[in-house]
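In: Got a predicted model here, sequence first, then my questions.
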2 protein chains.
Amino acid sequence: MSVMRIAELSERAGVPIPTIKYYLREGLLPRGEATGRNQASYGAEHLSRLRLVRALTTVGGLSVATVRTVLDEVGGPGVGLHSQLGLVMRRLPLVGADIEPQDRDRERARELVARHGWFFYPDHPALEALAVVLAGHREAGHPVSDADLDRYAGAVEAFAEIDLDRLDGLPEGEDVLEGAVVKTVLGDTLITVLRRLAQIDESAQRNLGEDERRARREMREG
Amino acid sequence: MSVMRIAELSERAGVPIPTIKYYLREGLLPRGEATGRNQASYGAEHLSRLRLVRALTTVGGLSVATVRTVLDEVGGPGVGLHSQLGLVMRRLPLVGADIEPQDRDRERARELVARHGWFFYPDHPALEALAVVLAGHREAGHPVSDADLDRYAGAVEAFAEIDLDRLDGLPEGEDVLEGAVVKTVLGDTLITVLRRLAQIDESAQRNLGEDERRARREMREG
């Protein structure tokens, strides 16, 4: 790929020029090579970085500030992939923080990980996030029972195994951590969407009569 | 519970008075009973509605506009719980929409549901959302393989079964749809958080030596 002016970079990435200039100012995108007063040229590494930023902000739902923090970690000195990934994961916001959990919510979160024999770090933000989610359900008037929590916890273990297999399968190289972040962040959205599709199917199985299911299937295929 | 002034409502719900006034203006919260010029009293139904709105906006991550639309549907005339829930689900945003999928992404989304024999509605937003997520991975330079998609799709079927069991277990009554929405929206966040905790455990199993795991466990317990 040859070098590009900002207009071509914008067109190829599908990102408007003002947004690119904003990312440049915020340090999300490295400066291009200056080719004159107010002109610079950009290369393949700018295009791929731009696409990464866009995917994390749109599909991943991260704020620009969070993306910058995460990309700084990704570019930082390595202490082993999994430790570095662990640091990045702590930075990813899991829930809006407006709800303050009660002691009981925090206890239930710890009891859950203990009950399932999960290894955990007592100060990890994911543990506090679980307490916040439990508080949110409670405050919305629909608390989660321990029985439901245990069923979900059992089911997520299958995901974690797939997730780690995918990370272990990443080729060695400088963008391995970047790949891990993308797979984790976009993977959250992927699973949410797949779960919705599976719910539609499960709901149809339980609630539509056989005739209606067949009629809709024929309508769809015909 | 006795009637409350707005100050008490604010304190009990933990929501600032200006936010309550904003919700009143936007129709998210029904007006209180006027008790004088510029004064109104509020009851238990205001408190529970306020907590619901807060849970959906913070833990659920929904915008105020989306919450209003969803609550309008919840309060609308019923055509059976599952059909009504289906309408509400179509309103819930699944992904940021800045990425336009290519035909190939849409094909892969349809092929996936077909491969798993899932019942689906061809015009359902969740199907388009899957195409967007696939496009996001691709644009970020880390496309999802069909093999990984299939593993995730197999695993979400377990969730859908738990999800529908939870809905079927809701007591009959006017807030059954509200409960269904809360469980689905907050359930997305719950699963994301549980998945992160299960990843930490799986990562520790694979990457920490037995000595280190024991040392950390003792540190945690001691």
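Out: Okay, I see it.
In: So the longest helix along chain A, near chain B or not?
Out: Taking DSSP state H as the criterion, chain A has its longest helix at helix A:176-207. Yes. Residues of helix A:176-207 are located near chain B by CB under 8 Å from any CB of the partner chain, namely A:179, A:182-184, A:186, A:188-207. Using the backbone N, CA and C atoms, a C-beta is placed for each residue, glycine as well.
In: Could you tell me the angle between that helix and helix B:176-207?
Out: 140 degrees (axes from the mean of the first three to the mean of the last three CA atoms, to 10 degrees).
In: Is A:Pro93 in a helix, a strand, or coil?
Out: Following DSSP: H, G, I helix; E, B strand; the rest coil, we place A:Pro93 in the coil state.
In: Counting neighbours, what do you get for it?
Out: A:Pro93 has 13 neighbouring residues, counting by other CB atoms under 10 Å in any protein chain shown.
In: How about the contacts made by the nearest residue to it once chain neighbours are set aside?
Out: Distance criterion CB to CB, 6 or more residues apart in numbering or on different chains; nearest residue to A:Pro93, sequence neighbours excluded, is A:Thr66 at 6.3 Å. Residues near A:Thr66 by CB atoms under 8 Å, 6 or more residues apart in numbering or on different chains: A:Arg91, A:Leu92, A:Pro93.
In: Among those, which one sits closest to A:Ala160?
Out: Nearest to A:Ala160 among the contacts of A:Thr66: A:Leu92, at 15.7 Å, using CB to CB.
In: Residues contacting whichever strand or helix holds A:Glu111, please?
Out: Using DSSP states H and E, A:Glu111 sits in helix A:103-115. Residues outside helix A:103-115 that contact it (CB under 8 Å, 6+ apart): A:120, A:127-128, A:130-132, A:134-135, A:138, A:146, A:149-150, A:153, B:197, B:201.
In: Buried ones among those residues?
Out: A:120, A:127-128, A:130-132, A:134-135, A:138, A:149, A:153, B:197, B:201 (16 or more other CB atoms under 10 Å in any protein chain shown).
In: Would you point out the most distant pair within these?
Out: Maximum pairwise distance in these, criterion CB to CB, is 25.2 Å, between A:Arg138 and B:Asp201.
In: wouldn't A:Ser63 be in contact with A:Thr69 here?
Out: No. In this structure, A:Ser63 is not within contact of A:Thr69 by CB atoms under 8 Å, at 9.5 Å.
In: and these two? which has more neighbours close in?
Out: Higher neighbour count among A:Ser63 and A:Thr69: A:Thr69, with 15 against 11, using other CB under 10 Å.
In: Pick out the residue nearest the middle of chain A.
Out: Chain A has A:Val185 as the residue nearest its centroid, 1.6 Å off, counting by CA atoms, centre = their mean.
In: Are we agreed that A:Ser41 is in a strand?
Out: Yes. Inclusion of A:Ser41 in a strand is indicated when three-state DSSP is applied.
In: and it, what are its bridge partners?
Out: Bridge pairing for A:Ser41 (DSSP bridges) gives the partners A:Glu33.
In: Please work out how many residues are found near it.
Out: Number of residues near A:Ser41 (other CB under 10 Å) recorded here: 17.
In: and if you look at A:Thr57?
Out: Using other CB under 10 Å, A:Thr57 has 19 neighbouring residues.
In: was I right about it contacting A:Arg68?
Out: No. Look at A:Thr57 against A:Arg68 with CB under 8 Å: they stay out of range, at 10.7 Å.
In: And the helices in chain A?
Out: A:6-13, A:17-26, A:44-57, A:64-75, A:81-91, A:103-115, A:125-139, A:146-168, A:176-207, A:210-221.
In: centre of the chain versus the fifth one, how much separation?
Out: Relative to its parent chain, helix A:81-91 has a centroid offset of 13 Å by CA atoms, centre = their mean, to the nearest Å.
In: Give me the buried positions along stretch A:108-127.
Out: Counting neighbours by 16+ other CB under 10 Å, one finds that the buried residues in stretch A:108-127 are A:Arg108, A:Ala109, A:Leu112, A:Val113, A:His116, A:Trp118, A:Phe119, A:Phe120, A:His124, A:Pro125, A:Ala126, A:Leu127.
In: Ok, stretch A:17-24 next?
Out: So, applying 16+ other CB under 10 Å, buried residues of stretch A:17-24: A:Thr19, A:Ile20, A:Tyr23, A:Leu24.
In: try stretch A:55-73
Out: A:55-62, A:66-68, A:70-71, A:73.
In: One more: stretch A:32-40?
Out: Neighbour-count burial for stretch A:32-40 flags A:Gly32, A:Ala40 (criterion: 16+ other CB under 10 Å).
In: for the record, mean pLDDT for it?
Out: Throughout stretch A:32-40, pLDDT has a mean value of 87.
In: What is the end-to-end distance of that stretch?
Out: With CA to CA, to the nearest Å as the measure, stretch A:32-40 spans 5 Å from end to end.
In: Quick one: residues in contact with it.
Out: For stretch A:32-40, contacts defined as CB under 8 Å, 6+ apart pick out A:Val3, A:Arg5, A:Ile6, A:Arg31, A:Ser41, A:Tyr42, A:Gly43, A:His46.
In: Least confident secondary structure element in chain A?
Out: Of all helical and strand segments in chain A, the minimum by mean pLDDT, DSSP states H and E falls on helix A:210-221, at a mean of 62.
In: Low-confidence regions, chain A specifically.
Out: Within chain A, the segments meeting pLDDT under 70 span A:1-2, A:59-60, A:74-82, A:84, A:96-98, A:171-177, A:209-222.
In: sorry, back to before: turn the contacts of A:Thr66 into a markdown table, including distance to B:Gln102.
Out: Supplementary listing: the contacts of A:Thr66 in a markdown table, determined by distance: CB to CB, whole Å:
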| residue | distance to B:Gln102 |
| --- | --- |
| A:Arg91 | 31 |
| A:Leu92 | 28 |
| A:Pro93 | 30 |
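In: Looking at those residues, which is nearest chain B?
Out: A:Leu92 (8.3 Å; CB to the nearest CB).
In: Isn't A:Tyr23 up against A:Leu50?
Out: Yes. Counting by CB under 8 Å, A:Leu50 is a contact partner of A:Tyr23 at 7.2 Å.
In: between these two, what contacts are shared?
Out: Shared contacts of A:Tyr23 and A:Leu50 (CB under 8 Å, 6+ apart): A:Leu29.
In: what's near enough to touch the closest residue to A:Val144 other than its chain neighbours?
Out: Nearest residue to A:Val144 in three dimensions, chain neighbours excluded: A:His137, at 4.9 Å (CB to CB, 6+ apart). Contacts for A:His137 were tallied using CB under 8 Å, 6+ apart; they are A:Pro143, A:Val144, B:Ala55, B:Val59, B:Val182, B:Leu186, B:Leu190.
In: With that, I have no additional questions.
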